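Student: Take a look and give me a structure for this.
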Amino acid sequence: MKHFSLPKDGGLREEELPKGILHSYEKIPTEIFDEAVTASEKIADIIAKAISDHRKAGLPRLFKLGFSSGNTPKTLFPILVARYEAGELSFEDVEVFGIDEYYPCERDSAKSRNTVLMDLLIRKVNFRKENVHILDATLPKDKISDYCSEFEKSARGMDLLVIGIGEQGQVGFNEVGALETSRTHTVALSYKSRKIQSRFFNGEISVTPKSAITLGISTMMSARRVIMMAWGESKADVVRDIVEGEISPSCPASYFQKHDNITLYTEENSASKLVRAVAPWLVGPCRWSPKFIRKAVVWLCQRLHKPILKLTQADYLENSLGELLELYGPYHKINIDVFNDLQHTITGWPGGKPDADDSTRPVKSTPFPKKVLIFSPHPDDDVISMGGTFIRLVHQGHDVHVAYETSGDLAVHDDVVLQHMDAACQLGFGDRFDEVRRLIESKKPGEPEPKELLALKAAIRRSEARSADRSFGLNDKTNVHFLNLPFYESGGITKLPRTQADIDIIKELLLKIKPDQVYMAGDLADPHGTHRVCTEAALEAIGQLREEGNGWLDKTTIWLYRGAWMEWELGRVDMAVPLSPEEMIEKRHAIYRHISQKDIVPFPGDDPREFWQRAEERTQNTARLYDELGMAEYQAIEVFLKLR
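Tutor: Alright, predicted model coming up:
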């Protein structure tokens, strides 16, 4: 399956720079790849070579290899398995160590922290049973301390340790405040960590483990070589802190700045807040595309708190943008060009304005009306992420369709189901309340939910989506489509692999509608997350249809929107749709229809606000940024990238 990465718009000439200059802002050398899969291929190369070199050296001991658990290695393990199956890699003379586990926890429990390591790697390759060292979380408390001391002896001095990092800078379960001298030990998990981990327990923090066993910082630092991994936008802040920040107990992974053989492997989204990404001209020479010039000018404006047309030559020179002046100056020409470029992204007609000069507009005026297809990964992403644009497209007379790619059933709290069943019983539509309550009580932490319960939750999400669409005039009988992509229907947080079956469902809808415009989620926070999987499936469906001779797709424009938490940076924006105060309220009311997602937010995160509040703050902040650059002042703005 193909993986999706955003197109590049210029950037640092990394191949022309010595490593010392390229990594000049980095306290941990960082290799940035276009996507997690590419980075994982490189890591697999390193692992294979390290094992091979150890064999060739004829050392009298086994190669010691350590892995973290959790989501991050999921991209790496299948690559290692594929190389083993191809006869390119053997683990027969390799000791493998898991670095953490919930405590207490049965070894084969579905909620085991090491399920991914065992199921995706160890059981699929040729590790000898006696060479597999997974922390034993079944021991009683009076024996666990001695056990940790013994495990410490065998785990120290690993040849290669490959670890992911948590969103708070955790390594293993070394929490905020961990000591650099810590060794293998048990640890009480903070509420914040448990809230994050609750995603693996159907969002139920009450059944999420309160403690864990972990190798200590000192134990990990004793490894001869360390590879760190970080994927997705949600890791961008912590990657910046680890790579460019100060060593601090508040970010345990920052201790690894002291390791003399460490590299962080990351991809463009998790590296997006490093100096190399934010202001690469501070590092070295760049390739200056029009979008990249805009990025630099917007950065300069925000750094100096000036609008575009007030920037001076001195502003450019004093902030390391002399190369830009030399190639594309004078400064006032750059100012005007970027101002006009950004101004031309703004349109009140996301479907194109009929009978208008569209030479400087982001959307062509013809055909009008357009057939529009909006892909929504969950049944509320459409109105949360681009609700104002969605509403405007409908009100401006376009033939708008929305496709809800997954059921979203897991995001419905059990109490909401009981509330709906209670109402149905009171109105005489059956008496299944007690039956459903018993079904809920039968759930086991970490295991898939009962299918009958998920069916009820999916029905609730569908009814809410239809209600939201009806609220602004969309025909919910003909223009609302529920795809129920199979990859999502695992019954638990860990999804099934994306397959051709998912793609075929999308292809069928595309052939039915033949849209002029397609909108889809551009969120890349998790390489295994629902938004990314849905977008990759939709793009692959479009790619296959093109290969099958569907020429009408050559005229189809694809627009990418973002979710409730993050927004496209202005340097990359292709279309900005301003919203009036009235449209903001209409969007808010559409979001309100998703009652099961209101107040009770079942998945973890630091932001306690409801989705409509996050969405409004995000779009109002975008409008403020346009205003500060010297553009017209709007109530809110939704922005999009055009996928070329």
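Student: Surely Ile374 and Ile391 touch.
Tutor: No: counting by C-beta atoms under 8 Å, Ile374 sits too far from Ile391 to count as a contact (11.3 Å). All C-beta atoms are positioned from the backbone trio N, CA, C, and that covers glycine.
Student: Comparing the two, which shows the higher neighbour count?
Tutor: More crowded of Ile374 and Ile391, by other C-beta atoms under 10 Å: Ile374, with 26 against 23.
Student: Need the three-state assignment for that one.
Tutor: strand (DSSP: H, G, I helix; E, B strand; the rest coil).
Student: Could you do Glu167 as well?
Tutor: coil.
Student: Relative to Ala253, how far out is it?
Tutor: 11 Å (C-beta to C-beta, to the nearest Å).
Student: Tell me which of the two has more neighbours.
Tutor: Ala253 (29 against 18).
Student: what about the longest strand in this structure?
Tutor: With secondary structure taken from DSSP state E, the chain has its longest strand at strand 636-643.
Student: Next up, the contacts around Ile336.
Tutor: Ile336 is in contact with Leu309, counting by C-beta atoms under 8 Å, 6 or more residues apart in numbering.
Student: can you pull the alpha-carbon coordinates of the helix or strand hosting it into PDB?
Tutor: Per DSSP states H and E: Ile336 is located in helix 331-343. Presented in PDB, the C-alpha positions along helix 331-343 are these (Å, rounded to 0.1, in the frame of the first residue of the first chain):
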ATOM      1  CA  TYR A 331      12.600  43.900  -0.600                       C
ATOM      2  CA  HIS A 332       9.600  46.000  -1.600                       C
ATOM      3  CA  LYS A 333       9.000  43.700  -4.600                       C
ATOM      4  CA  ILE A 334       9.100  40.600  -2.400                       C
ATOM      5  CA  ASN A 335       6.700  42.300   0.000                       C
ATOM      6  CA  ILE A 336       4.200  43.200  -2.800                       C
ATOM      7  CA  ASP A 337       4.500  39.800  -4.500                       C
ATOM      8  CA  VAL A 338       3.900  37.900  -1.200                       C
ATOM      9  CA  PHE A 339       1.000  40.200  -0.200                       C
ATOM     10  CA  ASN A 340      -0.700  39.600  -3.500                       C
ATOM     11  CA  ASP A 341       0.000  35.900  -3.300                       C
ATOM     12  CA  LEU A 342      -1.600  35.600   0.100                       C
ATOM     13  CA  GLN A 343      -4.500  37.900  -0.700                       C
END
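Student: how far does it sit from the chain's center?
Tutor: 33 Å (C-alpha atoms, centre = their mean, to the nearest Å).
Student: Disregarding flanking residues, what is the spatial nearest neighbour of Leu304?
Tutor: Asp315 (5.9 Å; C-beta to C-beta, 6 or more residues apart in numbering).
Student: which secondary structure elements does the strand or helix carrying that neighbour contact?
Tutor: In the assignment (DSSP H and E), Asp315 maps to helix 313-317. Counting contacts by 3 or more C-beta pairs under 8 Å, 6 or more residues apart in numbering; DSSP states H and E, helix 313-317 packs against helix 290-304, helix 322-328, helix 331-343.
Student: For the shortest one, output the C-alpha coordinates as CSV.
Tutor: Only the C-alpha atoms of helix 322-328 are listed here, as CSV (Å, rounded to 0.1, in the frame of the first residue of the first chain):
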residue,chain,number,x,y,z
GLY,A,322,19.9,38.1,2.7
GLU,A,323,20.0,35.2,0.2
LEU,A,324,16.3,35.8,-0.5
LEU,A,325,17.0,39.5,-1.1
GLU,A,326,19.9,38.7,-3.4
LEU,A,327,17.9,36.3,-5.6
TYR,A,328,14.5,37.9,-5.6
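Student: which helices and strands sit right next to it?
Tutor: So helix 322-328, by 3+ C-beta pairs under 8 Å, 6+ apart, packs with helix 290-304, helix 313-317, helix 331-343.
Student: Most tightly packed of those helices?
Tutor: For the helices and strands packed on helix 322-328, the largest average neighbour count (mean count of other C-beta atoms under 10 Å) is found in helix 290-304, namely a mean of 20.
Student: Now do that one: everything it contacts.
Tutor: So helix 290-304 is contacted by 9-11, 278-279, 281, 286, 306-308, 311, 315-316, 319, 321, 324, 328, 334-335, 337-338, 341-342, 569-572, 625, 628-629 (C-beta under 8 Å, 6+ apart).
Student: Measure how it sits relative to helix 331-343, angle-wise.
Tutor: Helix 290-304 and helix 331-343 are oriented at 100 degrees to each other (axes from the mean of the first three to the mean of the last three C-alpha atoms, to 10 degrees).
Student: that older thread, any chance of the helices and strands packed on helix 313-317 in JSON lines with distance to Phe201 and mean pLDDT as columns?
Tutor: JSON lines is the format used below for the helices and strands packed on helix 313-317 (distance: least, C-beta to C-beta, whole Å; pLDDT from 0 to 100):
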{"stretch": "helix 290-304", "distance to Phe201": "40", "mean pLDDT": "97"}
{"stretch": "helix 322-328", "distance to Phe201": "50", "mean pLDDT": "96"}
{"stretch": "helix 331-343", "distance to Phe201": "45", "mean pLDDT": "97"}
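Student: now those in JSON lines, with distance to Lys642?
Tutor: Below are these laid out as JSON lines (distance: least, C-beta to C-beta, whole Å):
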{"stretch": "helix 290-304", "distance to Lys642": "11"}
{"stretch": "helix 322-328", "distance to Lys642": "23"}
{"stretch": "helix 331-343", "distance to Lys642": "14"}
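Student: Leu410: which of those helices is closest?
Tutor: Taking C-beta to C-beta, helix 290-304 is the member of the helices and strands packed on helix 313-317 nearest to Leu410, at 37.3 Å.
Student: Can you list the strands that the helix or strand encompassing Val162 pairs with?
Tutor: Per DSSP H and E, Val162 falls inside strand 160-164. Counting by DSSP bridges, the strands paired with strand 160-164 are strand 63-67 (parallel), strand 226-230 (parallel).
Student: quick one, helices of the stretch 101-250 of the chain?
Tutor: 115-120, 141-155, 191-197, 217-221, 236-244 (DSSP state H, counting those that start in this stretch).
Student: In JSON lines: those, plus mean pLDDT and distance to Tyr519.
Tutor: Listed next are those as JSON lines, based on pLDDT from 0 to 100; distance: least, C-beta to C-beta, whole Å:
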{"stretch": "helix 115-120", "mean pLDDT": "88", "distance to Tyr519": "33"}
{"stretch": "helix 141-155", "mean pLDDT": "95", "distance to Tyr519": "49"}
{"stretch": "helix 191-197", "mean pLDDT": "81", "distance to Tyr519": "30"}
{"stretch": "helix 217-221", "mean pLDDT": "97", "distance to Tyr519": "44"}
{"stretch": "helix 236-244", "mean pLDDT": "96", "distance to Tyr519": "24"}
